[in-house]
Every structure is written in C-alpha cells, then in structure tokens.
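In: sequence first, predicted model second:
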Amino acid sequence: MTTALVVLTLNEIDGMKQVMPKIEKTWVDEIIVVDGGSTDGTIDEAIKMGLKVIPQEEKGHGGAILAGVKATNSDYIVFFGPDGNHEPEEIPKLIKKIHEGFDQVIISRFGKTSINLDAGKLDSFGNKMFTFFVNLFFKGSLTDSLNESRIITRKAMEQLNFDAFGLDSTLQMSIRGLKNKQRFAEIIGNEGKRIGGERKISSFGTGALLMKRIIKEILSV
C-alpha cells in the first residue's frame with residue numbers, strides 16, 4: 001500500500017525553507033506540491049528541493065485538495081501545510097494509524113494535551129462549536145472536524161463526492177465521512193505558530209461558510 005503527501009501552498013516560501021527539510025522523503029512514496037498561485041518564490045524553492053509542483057485548477061482550499069488527489073496515485077493521501085501550523089512528525093504518525101484499518105485519521109488540535117500557538121480564543125471557540133454541531137447532527141465523536149492535517153484512503157476520498165472548494169473543504173470531508181459511516185481516528189497534536197506569510201482565514205467570513213456547509217449537508221440526502 002502506497003502513500004502520497006500533498007503539500008498545499010500559497011506564498012509560503014518561509015515555511016518551505018524551514019519546514020519541508022524536516023520531512024523525510026522516505027516516509028511516503030510520492031510528494032506533490034499543489035500551489036495556488038504563489039508570487040513569493042515558493043514554487044522555485046520547491047523545485048530546488050526536487051519536489052513536483054502542480055498548479056491547482058480550481059480556486060480555493062478545496063480546489064487545492066482536489067488537485068492533489070487527482071495528481072497522485074497512492075492508496076493513502078496525507079494533506080499537509082508548510083506554514084508552521086502542522087508538525088512534520090505528524091506525518092509518520094498518521095500513516096501508522098491508518099494502517100490499523102481506518103478510513104480517515106485527523107490530527108486534533110484540541111485534545112487535553114494539545115498546545116495551540118496560532119488560533120485565538122474566537123477561532124478556538126468556533127472550531128469547537130462547529131465540531132459539536134458535526135457530532136450532533138452526523139453522529140460523530142470528533143474533537144477537531146476542521147483540521148487540514150489528516151490522512152484518508154483513496155477509496156474513502158472517492159466515496160465523499162467531494163465538491164467543497166472553499167475553506168469548508170475539510171469540514172465536508174469530516175461530515176461526509178461520517179454520513180458514509182467511515183471509520184475515523186484522531187491523534188492528539190498541536191498547532192504551531194505560523195512561519196512568515198499572512199494568515200488566510202477571516203474568522204467571521206469562514207464561520208458563515210462553515211455554518212452554511214453544515215446546513216447544506218443536513219438538508220442533502
């Protein structure tokens with residue numbers, strides 16, 4: 001069984017320089033950098049590292065996820081952002097855990113021992129609130145339904161009929177996974193401080209998008 005690492009980038013040259021060298025290429029069978037139109041040298045840096053870079057066809061976070069899935073052939077797909085929020089050592093942990101027979105494994109930033117250095121109180125409250133709604137309406141037991149840092153089997157990804165191209169993308173992965181009775185596991189992790197660049201999330205705008213996604217998934221069959 002093979003594993004692909006999909007690295008999602010948009011103007012993350014500082015993170016590429018500091019984070020990517022910590023990732024062992026032997027952890028996975030293929031690494032794809034999906035770039036959303038960087039203008040700061042991110043693409044050139046990735047190429048210098050010997051990484052394959054593809055431009056995403058559809059705009060938005062979900063568009064990057066979909067591009068990465070299409071560009072890989074492996075049985076398992078790990079999603080990772082090099083902005084400092086995710087820890088490289090999460091990658092082998094995710095791979096090991098999914099081999100226990102799970103469909104999706106998520107790094108939870110809100111476990112009892114988690115350390116969160118990036119999200120403020122409002123973002124943390126929002127994440128916990130939306131995860132509560134996901135568990136309530138879709139019969140889950142997650143502590144973090146929004147984190148990008150996760151691994152999913154290709155079969156499970158295809159089962160989702162994924163079509164959320166905005167920042168509601170990972171929420172949809174969690175919801176539709178639960179709706180399809182996929183097996184989930186969580187690994188307690190942390191959220192590190194952002195390295196360079198600009199934070200791309202607007203709390204209120206993203207919150208409205210997430211609520212709209214939950215309502216849409218409730219109403220859909």
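Out: In hand now; what should we look at?
In: and the helix or strand where residue 212 lies, what's buried?
Out: Under the assignment given by DSSP states H and E, the secondary-structure element containing residue 212 is helix 203-219. When burial is assessed from 16 or more other Cβ atoms under 10 Å, helix 203-219 yields the following buried residues: 206-207, 209-211, 213-214, 217. In this view, the C-beta of every residue, glycine as well, is placed from N, C-alpha and C.
In: tell me, how many residues neighbour residue 113?
Out: For residue 113, the count of nearby residues is 7 (other Cβ atoms under 10 Å).
In: how much space between it and residue 88?
Out: Taken as Cβ to Cβ, to the nearest Å, the spacing of residue 113 relative to residue 88 amounts to 19 Å.
In: was I right to think residue 178 contacts residue 137?
Out: No: contact criterion Cβ atoms under 8 Å: residue 178 and residue 137 do not qualify, at 9.0 Å.
In: looking at the two, which is more packed in?
Out: When residue 178 and residue 137 are compared for neighbours, residue 178 comes out ahead with 21 against 15, by other Cβ under 10 Å.
In: all strands of this structure, in order?
Out: Secondary structure of the chain, counting by DSSP state E: strands at 3-9, 30-35, 52-55, 76-80, 104-108, 150-153, 184-188.
In: could I get those as TSV with mean pLDDT and mean neighbour count?
Out: Listed next are the strands of the chain as TSV, based on pLDDT from 0 to 100; neighbours: other Cβ atoms under 10 Å:
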stretch	mean pLDDT	mean neighbour count
strand 3-9	98	25
strand 30-35	98	22
strand 52-55	96	15
strand 76-80	98	26
strand 104-108	97	25
strand 150-153	98	26
strand 184-188	97	17
